[in-house]
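> Predicted model and sequence follow; I will ask about them next.
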Amino acid sequence: MPTALWIAHVNVIDAEAYGRYAALAGPAIAAHGGVFLARAGRYVQLEGNDRPRNVVARFPSLEKAVECYHSAAYQEALSHARGASERDLMVVEEAET
């Protein structure tokens with residue numbers, strides 16, 4: 001089964017509230033097998049809309065990533081991000097090599 005990448009592009013509006021989200025989201029993601037590959041590091045915007053915070057996490061499968069998103073723990077974390085950020089989030093399967 002191919003692994004999957006959770007990719008978020010974020011513009012933080014309220015840093016304090018978003019900090020509460022991040023503190024809760026990390027453990028929720030880890031509980032579903034997610035491992036952060038990139039988290040707000042340096043980037044170069046080449047096309048499309050610029051969002052200054054970019055996060056990539058690898059999950060064991062697309063299903064595990066979606067399960068994480070819908071979990072009670074992640075939804076609790078997400079309640080702090082709503083209104084505190086503008087976000088685009090997708091999950092994409094990695095190509096098998």
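Everything's here; your move.

> okay, now the closest residue to Phe36 other than its chain neighbours: neighbour count?
Once flanking residues are discounted, Phe36 sits nearest to Ala57: 5.1 Å by Cβ to Cβ, 6 or more residues apart in numbering. Using the backbone N, CA and C atoms, a C-beta is placed for each residue, glycine as well. Close neighbours of Ala57, defined as other Cβ atoms under 10 Å, add up to 24.

> who does Ala57 bridge with?
Using DSSP bridges, the beta-bridge partners of Ala57 come out as Trp6, Phe36.

> That one: what's it in contact with?
5-6, 29, 34-37, 65 (Cβ atoms under 8 Å, 6 or more residues apart in numbering).

> you'd agree Pro27 is up against Ala73?
Yes: using Cβ atoms under 8 Å, Pro27 is in contact with Ala73, at 7.1 Å.

> Of the contacts of Ala57, which is the nearest to Glu47?
Of all the contacts of Ala57, Leu5 has the smallest distance to Glu47: 18.4 Å, by Cβ to Cβ.

> Quick one: the helices in this protein, in order.
Counting by DSSP state H, the segments of the chain that form helices are 15-31, 62-70, 72-81.

> Out of those helices, which gets nearest to Met1?
Closest of those to Met1 is helix 62-70, at 8.4 Å (criterion: Cβ to Cβ).

> Flag every buried residue along that closest one.
Residues of helix 62-70 classed as buried: 62, 64-65, 68-69 (neighbour count, 16 or more other Cβ atoms under 10 Å).

> Make JSON lines out of the residues you listed and add distance to Glu86.
Output for the buried residues of helix 62-70, formatted as JSON lines (distance: Cβ to Cβ, whole Å):
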{"residue": "Leu62", "distance to Glu86": "24"}
{"residue": "Lys64", "distance to Glu86": "26"}
{"residue": "Ala65", "distance to Glu86": "21"}
{"residue": "Cys68", "distance to Glu86": "21"}
{"residue": "Tyr69", "distance to Glu86": "17"}
